[in-house]
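> Need the 3D shape of this:
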Amino acid sequence: MNNPLISIIIPAYNRATLIKDTLQSIIAQSSSDWECIVIDDGSTDTTVEVVSAFAKANSRIQLHKRSESYQSGGNGARQMGLDIASSDWVLFVDSDDVLAENCIENRINTIDETLDMTVFHTATFKKNIGDHQIYWNLLHEKETNEEYLIRFLIQDMPWHTMGVLWRKKFLQHIGGWNQNLTAWQDWELHVRALTYKPKIKSNNTIADNYYRLDVVNSIASKKRSLQYNLTIKKAIECVEAKVLHSFTASEIKKRIQYLIYRNLIANPIKWKLFQLPFALKTSDMSFSTVSKQKFLRAYWKERFFSITIIKRILKHKCKLSYYDYLYPTTTFLKKRF
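Here you go, the predicted structure:
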């Protein structure tokens, strides 16, 4: 029997109530040329029992427990799934998301042996498909790798993790998932992939996958923690040198600087976490685009601009290029379908 064309990889941890919808959407695919690999990351609820029942009923669904040779967390589970996948192409799906019925058929129709990645639109929902008609973002067929990179640097995320169909060999070649990151792992992976100048096809078609929005927004509280922000710093540090080596335009360097200012200075100040940037500064900072001195100057500049009356006067008098770069216009999670 030939290997399936696409391996669907799902990391799972305590998702018993939601993963049913995910697996049912996979079983309902119009194409059967797939395998589904679920990697359980030590669930303490009934996730294992739920997935086991699906696997028993459908031989294309596999359940594996994360091996101790992989780090705990979603990245370790995804990497294990990648390593054991039997297909030449892989698709990562989270355990609370849903595929449209034609998703796999749609992806198969775009497979080209000259490509490293194909990317697709992702739609969003809250509880039921159709209750939140917003795209993850808009894709444009003619965008270059550099244009995609700039979009990631300004956090105008062009595609969702589920929106990418990867050639397995390419993903392994670039190192797979960074198991040391607990946040921004998808951002880091996609930016790192772009530094290898992949051959990408953008499919400007109707979304074939659905991302479940976190209505509780548990990430909001995490963003205010030192550990979360240290992970952001680490994610940027992981790719900064690769980006600057692969893309030499001065605009790229400037976008990296403002990515650092936005996430490690401006956002904490906006949340009134005035000591957080100092805690980040005193950690081992190894940015090549922003020295500790530049970081400190940017901090005091932002503190000055954050005073309401000053900000109001400055924005009234002139359009500051500083703010244009700090908070650029994006279409991320803003466009209806």
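
> ranges for the strands of the stretch 101-250 of the chain?
117-120, 123-125, 164-167, 200-203, 209-212 (DSSP state E, counting those that start in this stretch).

> With distance to Ser69 and mean neighbour count added, can I get those strands in a markdown table?
Using the backbone N, CA and C atoms, a C-beta is placed for each residue, glycine as well. As requested, the strands of the stretch 101-250 of the chain are exported to a markdown table (distance: least, C-beta to C-beta, whole Å; neighbours: other C-beta atoms under 10 Å):
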| stretch | distance to Ser69 | mean neighbour count |
| --- | --- | --- |
| strand 117-120 | 27 | 23 |
| strand 123-125 | 35 | 20 |
| strand 164-167 | 22 | 24 |
| strand 200-203 | 31 | 18 |
| strand 209-212 | 30 | 22 |
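
> could the ones you listed go into CSV alongside mean pLDDT and distance to Ile269?
Formatted as CSV, the strands of the stretch 101-250 of the chain follow (pLDDT from 0 to 100; distance: least, C-beta to C-beta, whole Å):
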stretch, mean pLDDT, distance to Ile269
strand 117-120, 98, 34
strand 123-125, 97, 29
strand 164-167, 99, 34
strand 200-203, 96, 36
strand 209-212, 98, 30
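
> for the ones you listed, which one sits closest to Ile37?
strand 164-167 (13.9 Å; C-beta to C-beta).

> residues making contact with the closest one?
Residues outside strand 164-167 that contact it (C-beta atoms under 8 Å, 6 or more residues apart in numbering): 6, 88-92, 107, 110-111, 115-120, 190.

> chain center to it, what's the gap?
The chain centre lies 14 Å from the centre of strand 164-167; the measure is C-alpha atoms, centre = their mean, to the nearest Å.

> Now do the domain split for the chain, please.
6-212, 220-326 (automatic domain parsing).

> Would you mind measuring the gap between the ends of the first one?
Across its full length, domain 6-212 reaches 22 Å end to end, with C-alpha to C-alpha, to the nearest Å as the criterion.

> shift numbering so it begins at 14
Happy to do that; since the first residue is 14 now, the last one works out to domain 19-225.

> Report the contact partners of Ile150.
I think there's a mix-up here, since residue 150 is Asn and not Ile. Counted by C-beta under 8 Å, 6+ apart, Asn150 has contacts Thr135, Asp169, Met170, Pro171, Trp172, His173, Thr344, Phe345, Leu346, Lys348.

> show me the contacts for the last one.
The neighbours of Lys348, taking C-beta under 8 Å, 6+ apart as the test, are Ile147, Tyr148, Asn150, Leu151.

> Counting neighbours, what do you get for the second one?
Using other C-beta atoms under 10 Å as the criterion, Tyr148 is surrounded by 21 other residues.

> Sketch out the helices for the stretch 14-163 of the chain, chain order is fine.
Assigned by DSSP state H, counting those that start in this stretch, the helices in the stretch 14-163 of the chain fall at 32-40, 60-70, 87-97, 116-123, 158-166.

> Under the pLDDT cut-off, which ranges of the stretch 14-163 of the chain? List them.
Within the stretch 14-163 of the chain, the segments meeting pLDDT under 70 span 14.

> any idea how far stretch 39-47 is from the chain center?
Distance of stretch 39-47 from its chain centroid, counting by C-alpha atoms, centre = their mean, is 25 Å.

> buried residues in that stretch?
Ile39, Gln42, Ser44, Asp46, Trp47 (16 or more other C-beta atoms under 10 Å).

> and what of stretch 160-179?
161-167, 169-179.

> any idea what sits nearest Ala68, other than its immediate chain neighbours?
Ile74 (4.5 Å; C-beta to C-beta, 6 or more residues apart in numbering).
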